[in-house]
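*Asks:* Here is the input, now give the coordinates:
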Amino acid sequence: MTNIFHVQLSGTLPVFACFECTCHAGCEEVFYVKEGDTVTLRLEELEANADYLYWSHSNLRKGRLAWRNPLAGWSLTKDKRWISRLSISRNALSITGVQEHDFGTVVFSRYLNQDGGATPMKIFRISKITVSVNSAYSPALPEEDVTLSCHVETPQSHPRPDIYWLSPAGKRSRQTGGELIIYVSGRDNGWWSCVVVKDGGEDTASVFVSVLYLSPAPEYPLYTSEHSSLSIPCPFAHNVSWEQFKFRGVKKARWRYSPKTLSPRILINPQNILLFSPMDNKWCWSANTSRGMSFVADLQNDHMILSKKQWRAEDRGFYMCDFKFSNHIYLRRVERVEVLQVVSSAGSELSRGQSVDLTCSLGRPLPKDHWVKWFTPERAAVRSLLGSGRLDPAQINIPDVGMDDGGRWRCELWRNDTRLTSADITLTVSQQLSAWMLGSLCGSAGTIAVLLFLIYIIWRHRQRNTRRHRRHVCRCKQYEPKTASSAFDTFMIPMGPPF
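*Replies:* Down below sits the predicted model:
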C-alpha cells in the first residue's frame, strides 16, 4: 500500500489539470456548503468494491486526502488542517465543520492495475454559501422587519443556480436581488433555510432568526381535579430568554383570568390575578384581586409559571399571560384549564335507603373523544352494572343506598387512550335517621294527621246534615184541614167493639 501511494504521489497536480479538461458529462458534481456544516461526497453508481480508492484535494499540495484498499483498510492525511474532520466509508468521504481551505476541488481516483496507475473517475467541487440575518435589534419583536441574505460562489463554467428561502413552517419564499425582507411574527422564530437548486438535487444552508415571542398554547386544555395542584406554563419561544425580554424594554408582565373567551387571544371581562413590573427591579408579584391571593407566580429564565395548590370548580376557564413593551407591543398566550369534580346530588353523608346521583363533571358536556371510567367500593351494588355498560358513564344513579355503597368513589377522565385526570368523593352511609329523613318523616306524619282531621270534619258535617233532614220531613207532613165530622170523631167516646 505504501509503495503504491509513493508511485502515484508525483502525478497529483497533473491529474487535476488533465482530468478537469477531459471530464465527461456527469463526472462532475457541485456541492454548495456553508462554513461550519458537513459535506459528504458520495460515489453513487461507481463500482469500487475491489479497487484502491483515492481522494485528492486541490489545496493539498503533498499526498492525498484519503485512500482505501480492497480489504477495507483505509488511511487519512496527516495534514493538521483536516485531522479529526475526515471520515471514509465504502462509497463516501465526509468532511465535518467545513473551513475556508475545504472549498475547492476534490478528485476521486481508482487504481485499476500497477501498470496503468490511478485513473481519475469523478470531480467534486465544494462551493461556499454565505447566509446572514440583519435586523435593527436581535431578537426582533413581532411586526419588525428582518433581512435575510444568501450568496453562493458559483464555479466557472457552471450556470448561476436558483435560490429560494424555506421558513420554519415550511413556507417557500423567492429571493430577489440576493436578499429577502420579512416582517416577522411568532411563526418566523426558528431556522430559515437557503435552498440552492442544482442539477440532480438541492443544497441547503440554514440560519436562525430570533423573534421575541411566546410558544403557542397546545391544542388541548390543561386538566386537574378539585383539591389538586396545577401549574400553568407560559414558555418563551425557542432560543429566547428573559434577559432578552428586558433588553427589548418589557414594561409589565401579568396573569389574567376569564371564564369565557372570544378567541385564543381575547378574554371576556378579564380579571387581573398577578402583576409584575420588571422596571422596579423587584422580583415581587402583586395580587390585584381576591382571586389572585390563592395563586403563586414565578418568572424563570425561559418561562413564566402560574401555580395553585387547591383548584376548585370555580377556577375553570381561560388564563392569559401577557407582556407589554415600551413600543406598545403586546405578547399574549391563553391556556384553558378544566377542573374535574364528582358531584353528589345529596351530599357525602347519606342514610340507608336514600336515593342519590353521582356525576363526573367538567361543568359542561364531555367532548366526543372524552370518556369516564369509574372505580367504586368493592361491594357497591352498582359495580356490576358499570361493568355491563348499562349505565351512563358520566352519571351514576343509586336509587336505594345501602351500607355497601359507603366508601371512596373515583372517576377517571380519558381522551381516547390518554388518561387526563381523576376526581373522587367519599360517601358515608348511616343506618340512623338523618335530619333529612327525620324531616321527611315528620312531614309525612303531619300530612297524614291533616288528612285524618279533614276526614273527621267531613264525616261530622255529613252526620249533622242527615239529622237535620230527618226532622224536617216530620214537620213537613202534608196538612189535612179538619171538618166538623172529624172534630166530632175526635171527642166521641168509644163504645166498644161492634157486635
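
*Asks:* can you list the domain ranges for this structure.
*Replies:* 2-127, 129-209, 222-335, 345-430 (automatic domain parsing).

*Asks:* Residue 284 against residue 276, yeah?
*Replies:* Yes - the criterion here is CB atoms under 8 Å, and residue 284 meets it with residue 276 at 7.4 Å. Where C-beta positions appear, they are placed from N, C-alpha and C, glycine not excepted.

*Asks:* Looking at the two, which has the bigger crowd around it?
*Replies:* Comparing residue 284 with residue 276 by neighbour count (other CB atoms under 10 Å), the higher total belongs to residue 276, at 19 against 10.

*Asks:* what's the neighbour count on the nearest residue to the more buried one once chain neighbours are set aside?
*Replies:* The spatial neighbour of residue 276 that comes closest, neighbours along the chain excluded (CB to CB, 6 or more residues apart in numbering), is residue 253 at 4.5 Å. Residue neighbour count, defined by other CB under 10 Å, stands at 22 for residue 253.

*Asks:* And residue 259, by the same measure?
*Replies:* Considering only other CB under 10 Å, residue 259 is surrounded by 15 other residues.

*Asks:* pLDDT score for it?
*Replies:* Reading off the confidence values, residue 259 has pLDDT 92.

*Asks:* ok, it to residue 309 distance?
*Replies:* Look at residue 259 and residue 309: by CB to CB, to the nearest Å, they are 21 Å apart.

*Asks:* Could you grab the helix/strand/coil label for the residue nearest to residue 276?
*Replies:* Classification of residue 253 using DSSP: H, G, I helix; E, B strand; the rest coil returns strand.

*Asks:* try residue 359
*Replies:* The three-state label for residue 359, taken from three-state DSSP, comes out as strand.

*Asks:* can you pull the contacts of it?
*Replies:* By CB atoms under 8 Å, 6 or more residues apart in numbering, residue 359 lies in contact with 342, 343, 345, 394, 395, 396.

*Asks:* Repeat that for residue 416.
*Replies:* residue 369.

*Asks:* what's the answer for residue 169, then?
*Replies:* Residue 169 sits next to residue 187 when contact means CB under 8 Å, 6+ apart.

*Asks:* and the gap between it and residue 309?
*Replies:* The spacing between residue 169 and residue 309, counted by CB to CB, is 38 Å.

*Asks:* mean confidence score for stretch 287-307?
*Replies:* The average of the pLDDT scores along stretch 287-307 is 86.

*Asks:* C-alpha coordinates for that stretch, PDB please?
*Replies:* The C-alpha atoms that make up stretch 287-307 are tabulated as PDB, following Å, rounded to 0.1, in the frame of the first residue of the first chain:
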ATOM      1  CA  ALA A 287     -52.300  40.500  43.600                       C
ATOM      2  CA  ASN A 288     -54.900  42.800  42.100                       C
ATOM      3  CA  THR A 289     -58.000  40.900  43.200                       C
ATOM      4  CA  SER A 290     -59.000  38.400  45.900                       C
ATOM      5  CA  ARG A 291     -58.700  35.600  43.300                       C
ATOM      6  CA  GLY A 292     -55.000  36.300  43.000                       C
ATOM      7  CA  MET A 293     -54.400  35.700  46.700                       C
ATOM      8  CA  SER A 294     -54.500  31.900  46.200                       C
ATOM      9  CA  PHE A 295     -52.100  31.900  43.200                       C
ATOM     10  CA  VAL A 296     -48.300  31.900  43.100                       C
ATOM     11  CA  ALA A 297     -46.300  33.100  40.000                       C
ATOM     12  CA  ASP A 298     -42.700  32.500  39.200                       C
ATOM     13  CA  LEU A 299     -40.500  34.100  36.400                       C
ATOM     14  CA  GLN A 300     -37.600  32.000  35.300                       C
ATOM     15  CA  ASN A 301     -35.100  32.400  32.500                       C
ATOM     16  CA  ASP A 302     -37.100  30.800  29.800                       C
ATOM     17  CA  HIS A 303     -40.700  30.800  31.000                       C
ATOM     18  CA  MET A 304     -43.300  32.100  33.400                       C
ATOM     19  CA  ILE A 305     -45.500  29.900  35.600                       C
ATOM     20  CA  LEU A 306     -48.800  30.400  37.500                       C
ATOM     21  CA  SER A 307     -49.400  27.800  40.200                       C
END
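
*Asks:* Give the buried residues for the helix or strand containing residue 93.
*Replies:* Using DSSP states H and E, residue 93 maps to strand 92-95. Of the residues in strand 92-95, those buried under the neighbour-count criterion (16 or more other CB atoms under 10 Å) are 93, 95.

*Asks:* can you check stretch 37-44 too?
*Replies:* Using 16+ other CB under 10 Å, the residues of stretch 37-44 that count as buried are 37, 39, 41, 43.

*Asks:* Then stretch 231-249?
*Replies:* Residues 232, 233, 234, 235, 236, 237, 240, 242, 244, 245, 248 are the ones in stretch 231-249 that count as buried (16+ other CB under 10 Å).

*Asks:* distance between the ends of stretch 278-287?
*Replies:* 15 Å (CA to CA, to the nearest Å).

*Asks:* wait, I meant stretch 399-418
*Replies:* Start and end residues of stretch 399-418 are separated by 32 Å (CA to CA).
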